[in-house]
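>>> pasted the sequence and its predicted model underneath.
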Amino acid sequence: MQKFFALFLTGLLVYSCAEKEMESQIAPEQYTAPSYTDISDESESIAIDLVDIAKAAGINFVHENGAFGKKWMPETMGSGGGFLDYNGDGLPDILLVNSKPWREGSYSSSGSTTLALYQNLGAAKFKNVTNSAGLDVSLYGMGCAFADYDADGDVDIYLTAVGANKLLRNDGGVFYDVTDAARVSGNDADAGVPPAWSTSAAWLDYDGDGWLDLFVCNYVKWTPETDIFTTLDGKNKSYATPEQYQGETSRLYRNLGDGRFEGATEKAGVFNPEGKSLGVAIADFNDDGWPDLAIANDTQPNFLYLNQRDGSFENIALQAGIAYDEVGRARAGMGIDIADLANDGKLSIAIGNFAREPISLYTQIDQTLFQDRAGAARITRPSLLNLTFGLLFADLDLDGYQDLLTANGHIEPAINAVQQDIAFAQSPQLFHNNRAGQLVDITEQLSSSFREPTVARGLASADIDEDGDLDILLTVNAGSPRLFRNDLPAGQANWLKILLRGKHPNQQAFGTKITIYAGDLRQSRLVRTGSSYLSQSDISKHTFGLGAAGQADSILVCWPTGNAVTRLGKTKANQIIEIRQ
């Protein structure tokens, strides 16, 4: 284990983060200006390799989607998973969400219908602790989101599902179902209305009171009784796409601080039944210190909710340029993530789409104006034929620039019979950030275990073996997950990990902005949940690649309340730094 340094800073500087960073902001370029420098590194050999170690690590899980021949729509959409430190030992553990047969007592092809929790034992070894942790929970699960919502020091779990969702409170490493008491089941407030089909979720403090609130994406109004027959070949049933179903508004739950939540969907301005939402990502687009929301919708315009700082949001997606593609069509948005790809203060929103719809890459040209630069970034052609669910930014080679991973796989097993250039099982992809505005597909350089085609859904990242670089979890529909160990050559690049301790009740410091300066390199990250698809990456520590730099020249931490700032000077690389608010 790397040596752990704790910095307890009592003298806080108080001033505006926006003012402090103003000198490093780059003026917005003109909308018609060239998108990127035309530089290619196609022939460059990148020292990244991702090797599947799931079985060797002790991960023995098979996702049960409940399929029994009727091709009900939810069967092909799940499920997710992610990393959380459930027992507080500093090591990221793995949670895998499961579905189940549609009828009680039906045979399960996977042998289990509960979700699964794997404890990290160190050295990339895991142990199944589902039963002892109280997580032998069975539901038609979709996704997960993790946070310490009750501010008691341990991480709790929210599960989304077709039907009622579940909130599982962590008490000393054992989980208890508190859904009904907390009032976050996902049900409509009107009696007799079936529970929604929920997908991705995210925790955030949207109203600035310190307590973590919950945003839940909902998809379409589907039940077995309303299932619609659709076909690709005119004879056999296929899995439906969402055009045939009515949308379902996402929901926002405000944390009251006493273990209960109140519905705030309409009051906060996020009631939108036209949405068919699959992915949610959090960012601070206008740098005002308040979290905003970007929502990926399937065959409907995407949403961009700008926080009005009064407990409400405004959807500015249309005027911001992210609602539709460049010809005015709504794409089949699924996974979503946000990153500052060029380290210039301009955020890019990446959204995974359907086959024959390339990945979207909406990049800021002003705080609330975006342009899709997927073509200029060179990801349009290599992503065109894939159906991309999970999508994740991560600096895999620790050079200080975030790369892009995608989890691909079609929804229809028989798609190749009618579209011969489209496969059901598809390879995941890794697009390397060449630091010149381009994301270069280097998938063919990676291990055969990474390139093996699969029906992938979720993506999440964590440093499972404590060697400084980020490893990857990929979930598979009706199959076993992949756990990719990142095998960077020793000494190739340096890194820093930041562990934040926020003030009660926001002890995980959600909404904090961390900026690291190292030579000419400037990186900023927002502490947040969400992103990807149905999944969550490790947020207990925040990894920054430093490349060849042996130290960070300075670290700036802008806490989420009161414009409080903590500043550190020169800090040696390759260590974990704990910073308390």
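Alright, I've got the coordinates.
>>> who's in contact with the nearest residue to Pro382 once chain neighbours are set aside?
Closest residue to Pro382 apart from its sequence neighbours, by C-beta to C-beta, 6 or more residues apart in numbering: Asp441 at 4.2 Å. All C-beta atoms are positioned from the backbone trio N, CA, C, and that covers glycine. Contacts for Asp441 (C-beta atoms under 8 Å, 6 or more residues apart in numbering) come out as 378-379, 382, 429-432.
>>> what about Lys55, neighbour count?
11 (other C-beta atoms under 10 Å).
>>> mind checking the SS state of it?
Using DSSP: H, G, I helix; E, B strand; the rest coil, the structure places Lys55 in helix.
>>> quick check, pLDDT for it.
The model reports Lys55 with a pLDDT of 97.
>>> now swap in Ser40 and tell me
In this prediction Ser40 is given a pLDDT of 44.
>>> still on that earlier bit, tell me what the residue nearest to Pro382 is bridged to.
Counting by DSSP bridges, Asp441 is bridged to Phe431.
>>> closest to Leu526 among the contacts of Asp441?
Using C-beta to C-beta, Phe431 comes nearest to Leu526 of the contacts of Asp441, at 21.6 Å.
>>> distance of that closest one relative to Ser383?
8 Å (C-beta to C-beta, to the nearest Å).
>>> neighbour count winner among those two?
Between Phe431 and Ser383, counting by other C-beta under 10 Å, Ser383 is the more crowded of the two (28 against 24).
>>> so the more buried one makes contact with Thr406?
Yes. Judged on C-beta atoms under 8 Å, Ser383 makes contact with Thr406 at a distance of 6.9 Å.
>>> which neighbours do the two have in common?
Common neighbours of Ser383 and Thr406 (C-beta under 8 Å, 6+ apart) are 359, 429.
>>> what do Phe431 and Ser383 both touch?
Thr406.
>>> ok, now how distant is the residue in the chain sticking out farthest from the centre from Val418?
Within the chain, Lys235 marks the point farthest from the mean C-alpha position, 37.7 Å out by C-alpha atoms, centre = their mean. The gap separating Lys235 from Val418 is 11 Å, by C-beta to C-beta.
>>> can you map out the helices along the stretch 351-500 of the chain?
Using DSSP state H, counting those that start in this stretch, the helices found in the stretch 351-500 of the chain span residues 380-383, 415-418, 448-451.
>>> end-to-end on stretch 117-133?
8 Å (C-alpha to C-alpha, to the nearest Å).
>>> buried ones in that stretch?
117-120, 124, 126, 128-130, 133 (16 or more other C-beta atoms under 10 Å).
>>> kindly report the same for stretch 568-576.
Applying a neighbour-count criterion of 16+ other C-beta under 10 Å, one finds 568, 571, 573-574, 576 buried in stretch 568-576.
>>> now for those residues: which two are most distant?
For these, and using C-beta to C-beta, no pair is farther apart than Leu568 and Asn574, which are 15.8 Å apart.
>>> average pLDDT for stretch 277-287?
Here the average pLDDT along stretch 277-287 is 97.
>>> related to what we said a few turns ago, can you check which of the helices of the stretch 351-500 of the chain gets nearest to Leu546?
helix 448-451 (25.1 Å).
>>> all set, thanks.
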